[in-house]
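Asks: sequence and predicted model, in that order:
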Amino acid sequence: MLGKLVQLCRGKRNARSWYTKPTGKHMTIADLRDPHLWYPEAHAMKRKIILHVGPTNSGKTYNAIQALASARTAVYCGPLRLLAAEIYDKLNSEYKVPCSLVTGQQVIEEPNAKHVACTVEMADLKQPVDVAIIDEYQLISDYQRGWAWTRALLGLQAREIHLTGDLSRIDLIQHIADITGDTLEIRQYERLLPLETEKGLSGSTENIRAGDAIIAFSRKDVFALKRLIETRTKHKCCVIYGNLPPESRKNQADLFNDVNSESKVLVGTDAIGMGLNLNIGRVVFSAISKYDGISDRMLTTSEVKQIAGRAGRYMSEYGVGKVTSLYNQHMKHIKKHLELPLVPDDKSFAMILPMYEQFEMLAEISPEWPFSEMVKFFMENARTDHNFCMAELDTLFKKAKCLDELDLSLEDRYIFCMAPVDADRGNLGKYFYKFASDFFHKNEVNFRKEIPKLDFASPQVRLNMLEELYKICDLYLWLSNRFTAFTDVEHVSRVMDEITEEISRILATLNSPKRSLPPRRSRDRRSSGTLRDKRRKAENLRRLVRSSNE
């Protein structure tokens, strides 16, 4: 039954012949060329923007936090809930400044708090503050989430806004400051400790040492490397990758940082580059290419510097950061990009997303349009100026299409469609529809699911199932912070804690499927290669698997 309910999510788009055709009024609403005017209160303030730019381990964020902590009222806007939680803990425990925490899934209000640490999507644009921090500001150009950085930058009612990140978007911020009339001050930082390259490891995991972080670019490669290192050396490994729940990521980071822990090697994707404080002595690149959703491509200068910069930590046992690669031939690419200066990108854009009020105006002149049609209208007709670009709307369209059959109010429909979920993704998409359907039909949404018995499944399958269940629970909590009909918060929170504990147990004993090391060369995944190449790769895979079992 549940599968039938979500066939809409995967069906073809309905014919549009019966909809009102766009008129001049519609096109006026689609004119998004002056997004700074959407926020008149902030625009009237003539704010001061302070841009802190520099490499990893340069102290730029530390200096911005000093201004935050000393302000009478302030807000921190971060890209991850882990970062928001870290600032929340730091202000309350180290600085003795009462601070509340607001993320999509969690709200903790501290008594007498005039500081807030939040994820950037949750920034309150109605609350005036003295100081605001927008962390990792360069994500303003991210096609999926960049709109939230643009919204915060244009809309925060802060006398002083501190942006922290690299220097790649300096020109863009200067353009925006010129448009808004805000003043801009740029503060550049240098790395506080040296970063040195070492010769490659000749393809041998036996040269891995305590304090190393080995970087792969897929979950499968992370587990393959973990298995090879643990079978060929005395080291035990922690793992961090994007799909791992935030609490599990933090647990793995704490285990790696613990001086009494046996797990002194970290294997992870480039997800380690944000939101975690890690005592890394040496970064080891296992590959120099990554799949970007379209094809394999070589790592950029910014990516090499961001990942390599995690090596070393100021005032720690690793006073000099080391960088190397698993394969010797990769060092040429790494050294080249470490030596290249990171220059501002003069062709970058700030992403924007239509506001709820603009959808509301469309509904007034075309009430017969389903919400998915409104989203599609903006996809096809939105006009922006040269500093701004429409964010990716495909995911929003799919969620809207999935809910078109439910007679929700426009506001409720908009909130559901803003949920951080992919409606096309298996059980996650099914539960997205189920939660919306129960909300509409029952006015109460229950979720009493427990962790299933998974003794029959392999560790990898169990991990997949637990990660998916965690995301479903995460979606429920996100919706519970917006609708009172979601009443099983306590149960769902308990299940999420149990999932985190179970994942930690699995990771501690996990043996990866027998698989080769990441490939030495980049190859576009859309091209199949010659038959000789395939046979050679297959033989190399069998040879390495045999050697790892000896």
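Replies: The structure has been received and is ready for your questions. Bear in mind the structure is a predicted one, so any value in this text is a computation, not a measurement. Numbers count the residues shown, from 1 in each chain.

Asks: where do the strands sit along the stretch 251-400 of the chain?
Replies: Counting by DSSP state E, counting those that start in this stretch, residue ranges of the strands within the stretch 251-400 of the chain are 265-268, 282-285, 289-291, 296-298, 321-325, 350-352, 388-390.

Asks: what mean pLDDT does the fourth one get?
Replies: Meaning strand 296-298. Rounded to a whole number, the mean pLDDT of strand 296-298 is 93.

Asks: could you do the last one as well?
Replies: The average pLDDT for strand 388-390 rounds to 96.

Asks: likewise the fifth one?
Replies: For strand 321-325, mean pLDDT rounds to 97.

Asks: how distant is it from the center of its chain?
Replies: Averaged C-alpha coordinates place strand 321-325 at 25 Å from its chain's average position (Cα atoms, centre = their mean, to the nearest Å).

Asks: direction included, what does it pair up with?
Replies: The partner list of strand 321-325 in its sheet, established with DSSP bridges, is strand 195-197 (parallel), strand 282-285 (parallel).

Asks: dump those strands to JSON lines, plus distance to L326.
Replies: (C-beta placed from N, C-alpha, C; glycine too.) Rendered in JSON lines, the data for those read as follows (distance: least, Cβ to Cβ, whole Å):
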{"stretch": "strand 195-197", "distance to L326": "14"}
{"stretch": "strand 282-285", "distance to L326": "6"}
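
Asks: deepest-packed of those strands, please.
Replies: Comparing the strands paired with strand 321-325 by mean neighbour count (mean count of other Cβ atoms under 10 Å), strand 282-285 ranks first with a mean of 26.

Asks: got the contact list for that strand?
Replies: If you take Cβ atoms under 8 Å, 6 or more residues apart in numbering as the criterion, strand 282-285 is touched by 198, 201, 208-209, 211-215, 307-308, 310-311, 321-326, 330, 334.

Asks: only alpha carbons, please: show that strand as PDB.
Replies: Taking only C-alpha atoms (Å, rounded to 0.1, in the frame of the first residue of the first chain), the coordinates of strand 282-285 have been written out as PDB:
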ATOM      1  CA  ARG A 282      49.600  13.300   8.600                       C
ATOM      2  CA  VAL A 283      47.000  13.400   5.700                       C
ATOM      3  CA  VAL A 284      47.400  10.500   3.200                       C
ATOM      4  CA  PHE A 285      45.500  10.900  -0.100                       C
END
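
Asks: show the average pLDDT along that strand.
Replies: Mean per-residue pLDDT for strand 282-285: 98.

Asks: how much distance is there from that strand to the middle of the chain?
Replies: Here strand 282-285 is found 22 Å from its chain centre; the criterion is Cα atoms, centre = their mean.

Asks: can you give me the end-to-end span of stretch 434-450?
Replies: Stretch 434-450 has an end-to-end distance of 17 Å (criterion: Cα to Cα, to the nearest Å).

Asks: buried ones in that stretch?
Replies: Within stretch 434-450, the residues scored as buried using 16 or more other Cβ atoms under 10 Å are K434, F435, A436, S437, D438, F439, F440, V445, F447.

Asks: the helices in the stretch 301-450 of the chain, which residues?
Replies: When secondary structure is read from DSSP state H, counting those that start in this stretch, the stretch 301-450 of the chain shows helices at 301-308, 331-339, 356-365, 371-381, 394-403, 410-417, 426-442.

Asks: contacts for the second one?
Replies: The set of residues that contact helix 331-339 without belonging to it, under Cβ under 8 Å, 6+ apart, is 195, 197, 199-200, 285, 288, 298-301, 304-305, 308, 323-325.

Asks: please apply the same query to the third one.
Replies: With Cβ under 8 Å, 6+ apart as the contact definition, helix 356-365 has outside contacts at 20, 23, 25-26, 29, 369, 371, 374, 377-378, 410-411, 414.

Asks: again, only this time at 6 Å
Replies: The set of residues external to helix 356-365 that reach it, using Cβ atoms under 6 Å, 6 or more residues apart in numbering, is K25, I29, M374, L410, Y414.

Asks: what mean pLDDT does it get?
Replies: Looking at helix 356-365 alone, the average pLDDT works out to 96.

Asks: how much does that helix deviate in direction from helix 371-381?
Replies: For helix 356-365 against helix 371-381, the angle between stretch directions is 110 degrees (axes from the mean of the first three to the mean of the last three Cα atoms, to 10 degrees).

Asks: the longest one too?
Replies: An angle of 130 degrees separates the directions of helix 426-442 and helix 371-381 when computed by the same axes, to 10 degrees.

Asks: packing partners of helix 426-442?
Replies: Helices and strands touching helix 426-442, as assessed by 3 or more Cβ pairs under 6 Å, 6 or more residues apart in numbering; DSSP states H and E, comprise helix 459-480.

Asks: do the first one as well
Replies: Helix 301-308 makes packing contacts with helix 331-339 when contacts are defined by 3+ Cβ pairs under 6 Å, 6+ apart.

Asks: buried sites along the helix it packs on?
Replies: Of the residues in helix 331-339, those buried under the neighbour-count criterion (16+ other Cβ under 10 Å) are M331, H333, I334, H337, L338.

Asks: grab the nearest non-local neighbour of M390.
Replies: Computed as Cβ to Cβ, 6 or more residues apart in numbering, the closest residue to M390 that is not its neighbour in sequence is A382, at 4.9 Å.

Asks: so what's the one you found up against?
Replies: With contacts defined as Cβ under 6 Å, 6+ apart, the neighbours of A382 are A30, L32, M390.

Asks: and the contacts of stretch 189-208?
Replies: 54-55, 57-60, 228-229, 232-233, 265, 312, 314, 319-328, 331, 335.

Asks: kindly apply the preceding question to stretch 303-315 instead.
Replies: When contacts are defined by Cβ under 6 Å, 6+ apart, stretch 303-315 is touched by residues 55-57, 192-193, 215, 270, 273, 279-280, 282-283, 318, 320-323, 334, 337.
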